[in-house]
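**Student:** how would this look folded up:
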Amino acid sequence: MLQQFPPMGVYETLFKFADATQEYMGDQGTHPWAQGYPLTTQVPGGPALPAQIELQSTDLKYPKATGESELREAISDYYNAHYDAGISPDHVAVFAGGRPGLLATLAFLEADICVAVEETEYTPYYDMLKLLGRKVHYIPSNVDNKFRPETKDYDIDPIAGTSRVLLVKSNPCNPTGVTMTGAALSGLVNAYSGDGRGALFDEAYEFYCDPAPESALRYIEDIDNTDIFVSGAATKGLQVPGMRVGWIIAAKRHIEIFRNYSSFGMGGVSRASQLYVTKLLSPHRVAHARDAICSFYGSQRKRYRTGLEALGFELATGDGGFYHWGQLPNGLTADTFNQRLFKHRSGILPGPLCDMRRRKTGTGSLEHFVRFSFGPLGPETYDNDMQIIARCV
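**Tutor:** Numbers count the residues shown, from 1 in each chain. I've put the predicted structure just below:
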């Protein structure tokens with residue numbers, strides 16, 4: 001009755017780990033280097049996470065389709081305060097995490113639109129584009145350009161059978177951490193603000209930029225006159241992946257479509273989760289969190305860079321996110337490396353699962369590349385982490 005569909009790349013690795021170890025990666029005593037979640041405890045120098053929220057009987061009713069007013073206002077206030085975004089709650093739609101918002105955006109694209117995406121990108125993009133049957137233009141992001149596309153690479157004409165282009169870009173990039181900021185980001189926003197072009201900026205790792213958080217919303221003059229979408233979530237910067245709260249910022253006419261979609265496809269998002277995330281976005285707290293996340297994970301990025309490079313990893317990591325992206329030493333493939341790591345209750349994300357082309361072994365493949373996540377790791381795990389990796393390379 002149902003067509004077969006494989007798990008998304010990260011979950012493919014989690015399921016292989018479970019088969020090999022009879023454990024779930026992330027459980028006590030495992031080393032979840034394949035997973036994309038942050039510490040869910042207070043980071044050094046950061047604000048505490050609320051221990052509870054109070055619910056009234058009215059909070060148990062159906063939530064609003066587009067998101068609760070309190071949360072949408074907190075989100076718009078946040079972007080206005082930090083990026084002078086010029087948006088209102090009417091520019092915000094709330095989803096059950098980041099991925100449902102991304103999928104909804106791609107699902108409602110009109111048929112004459114092709115999607116432009118970098119060759120090395122966030123693993124679910126591949127699954128979404130394949131499931132939806134979108135026509136795709138691939139932007140060079142590979143060993144030859146050190147996973148850093150040039151400005152000219154984003155100057156894209158619609159491919160055969162299409163007349164418009166939507167750029168899909170994670171910024172900072174997952175898995176590479178390469179981040180577009182300042183004049184380069186402003187130029188890209190401008191290039192995709194005109195007729196026949198649109199962009200979906202996935203800013204899940206917004207807080208994890210060195211030296212400071214960045215958003216495309218800083219450079220959008222009037223979002224209602226664009227087809228630009230900005231995705232955010234409480235998952236990474238606010239440290240609550242289990243709350244499953246994400247959002248899309250877009251023109252009011254697009255938010256209306258998301259409201260209508262939610263009415264039949266999602267039924268809104270848990271009000272309890274929305275109330276919790278609203279507390280996390282209080283002005284003083286979120287400013288504190290931005291600084292602390294940026295500082296702590298910046299130091300972790302540098303620390304693990306030193307350790308991995310000392311073991312022979314050739315890193316191509318940028319200045320954002322909480323991953324290291326690079327080539328394994330000693331001719332190791334990512335799959336062989338994982339087989340060794342599983343014996344130590346650990347694992348990484350193999351590079352081929354970040355390849356939007358899904359190339360076979362050989363020219364252009366990423367079989368020797370890995371994404372190592374230091375997101376869930378506290379400072380105290382470093383020495384043991386490096387000992388395990390040293391044994392396995």
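**Student:** Now that residue 21 has come up, it's in contact with residue 346, right?
**Tutor:** No - using CB atoms under 8 Å, residue 21 is not in contact with residue 346, being 9.5 Å away. For glycine as for every other residue, the C-beta is placed from the backbone atoms N, C-alpha and C.
**Student:** Of these two, which one has the most company?
**Tutor:** residue 346 (22 against 17; other CB atoms under 10 Å).
**Student:** tell me which residues form a beta bridge with that one?
**Tutor:** residue 31 (DSSP bridges).
**Student:** Are there residues contacting both of residue 21 and residue 346? Which ones?
**Tutor:** Jointly contacting residue 21 and residue 346 under the rule CB atoms under 8 Å, 6 or more residues apart in numbering are residue 30.
**Student:** Report the central residue of the chain.
**Tutor:** Here the mean C-alpha position of the chain is nearest to the C-alpha of residue 204 (CA atoms, centre = their mean), at a distance of 4.2 Å.
**Student:** Helix, strand, or coil at it?
**Tutor:** Recorded secondary structure, residue 204: coil (DSSP: H, G, I helix; E, B strand; the rest coil).
**Student:** dump the residue contacts of it.
**Tutor:** 98, 170, 174, 231, 232, 233, 235, 236.
**Student:** ok, these vs residue 181, which is closest?
**Tutor:** Minimum distance to residue 181 across those is 13.9 Å, recorded for residue 170 (CB to CB).
**Student:** isn't that closest one right next to residue 124, touching?
**Tutor:** No - counting by CB under 8 Å, residue 124 is not a contact partner of residue 170; they are 10.2 Å apart.
**Student:** Looking at these two, which is more packed in?
**Tutor:** Taking neighbours as other CB under 10 Å, residue 170 and residue 124 compare with residue 170 leading, 25 against 18.
**Student:** what residues are up against that one?
**Tutor:** Neighbours of residue 170 in contact, by CB under 8 Å, 6+ apart: 121, 122, 202, 203, 204, 205.
**Student:** Run through the neighbouring helices and strands of the helix of greatest length in the chain.
**Tutor:** Ranked by residue count and defined by DSSP state H, the top helix of the chain is helix 283-310. In terms of contacts (3 or more CB pairs under 8 Å, 6 or more residues apart in numbering; DSSP states H and E), helix 283-310 is packed against helix 69-83, helix 271-280, strand 314-315, strand 323-327, helix 382-392.
**Student:** Now do the buried residues in it.
**Tutor:** Within helix 283-310, the residues that count as buried by 16 or more other CB atoms under 10 Å are 285-286, 289-298, 300-301, 304-305, 307-308.
**Student:** Ok, stretch 122-139 next?
**Tutor:** Residues 122, 123, 124, 125, 126, 127, 128, 129, 134, 136, 138, 139 are the ones in stretch 122-139 that count as buried (16+ other CB under 10 Å).
**Student:** Nearest to residue 351 among the residues you listed?
**Tutor:** Nearest member of those to residue 351, counting by CB to CB, is residue 123, at 10.6 Å.
**Student:** residue contacts, the closest one?
**Tutor:** 8, 9, 10, 175, 349, 353, 354.
**Student:** could you redo the last one with a cut-off of 6 Å?
**Tutor:** Applying CB atoms under 6 Å, 6 or more residues apart in numbering, we find residue 123 in contact with 8, 9, 10, 353, 354.
**Student:** ok, back up a step: can I get the contacts of residue 204 in a markdown table including secondary structure and distance to residue 361?
**Tutor:** A markdown table is the format used below for these (DSSP: H, G, I helix; E, B strand; the rest coil; distance: CB to CB, whole Å):
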| residue | secondary structure | distance to residue 361 |
| --- | --- | --- |
| 98 | helix | 31 |
| 170 | strand | 25 |
| 174 | coil | 23 |
| 231 | strand | 33 |
| 232 | strand | 36 |
| 233 | strand | 34 |
| 235 | coil | 33 |
| 236 | coil | 32 |
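**Student:** Can you pick out the most distant pair from those residues?
**Tutor:** Using CB to CB, the contacts of residue 204 reach their maximum pairwise distance at 174 and 232, which is 13.8 Å.
**Student:** Show me the common contact partners of those two, please.
**Tutor:** Residues touching both residue 174 and residue 232 (CB under 6 Å, 6+ apart): there are none.
**Student:** Take the contacts of residue 204 and write them to CSV, including distance to residue 145 and pLDDT.
**Tutor:** As requested, these are exported to CSV (distance: CB to CB, whole Å; pLDDT from 0 to 100):
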residue, distance to residue 145, pLDDT
98, 27, 96
170, 17, 98
174, 18, 97
231, 25, 98
232, 28, 98
233, 29, 98
235, 29, 97
236, 26, 97
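**Student:** most surrounded residue in the residues you listed?
**Tutor:** Neighbour counts for these, by other CB under 10 Å, peak at residue 174, which reaches 29 neighbours.
**Student:** any chance you could map the strands in the protein?
**Tutor:** Using DSSP state E, the strands of the chain run over 92-95, 113-118, 136-139, 164-170, 197-202, 228-233, 246-249, 314-315, 323-327, 349-350, 369-373.
**Student:** circling back to that earlier point, out of the helices and strands packed on helix 283-310, which gets nearest to residue 198?
**Tutor:** Of the helices and strands packed on helix 283-310, the one closest to residue 198 (CB to CB) turns out to be helix 69-83, at 18.8 Å.
**Student:** now for that closest one, which elements pack on it?
**Tutor:** Counting contacts by 3 or more CB pairs under 6 Å, 6 or more residues apart in numbering; DSSP states H and E, helix 69-83 packs against strand 92-95, helix 271-280.
**Student:** Mean neighbour count, these: which tops it?
**Tutor:** By mean neighbour count, with neighbours taken as mean count of other CB atoms under 10 Å, strand 92-95 ranks first of the helices and strands packed on helix 69-83 at a mean of 27.
**Student:** Show me what that one is packed against.
**Tutor:** Using 3+ CB pairs under 6 Å, 6+ apart, strand 92-95 is in contact with helix 69-83, strand 246-249.
**Student:** which of the ones you listed is buried the deepest?
**Tutor:** strand 246-249 (a mean of 26).
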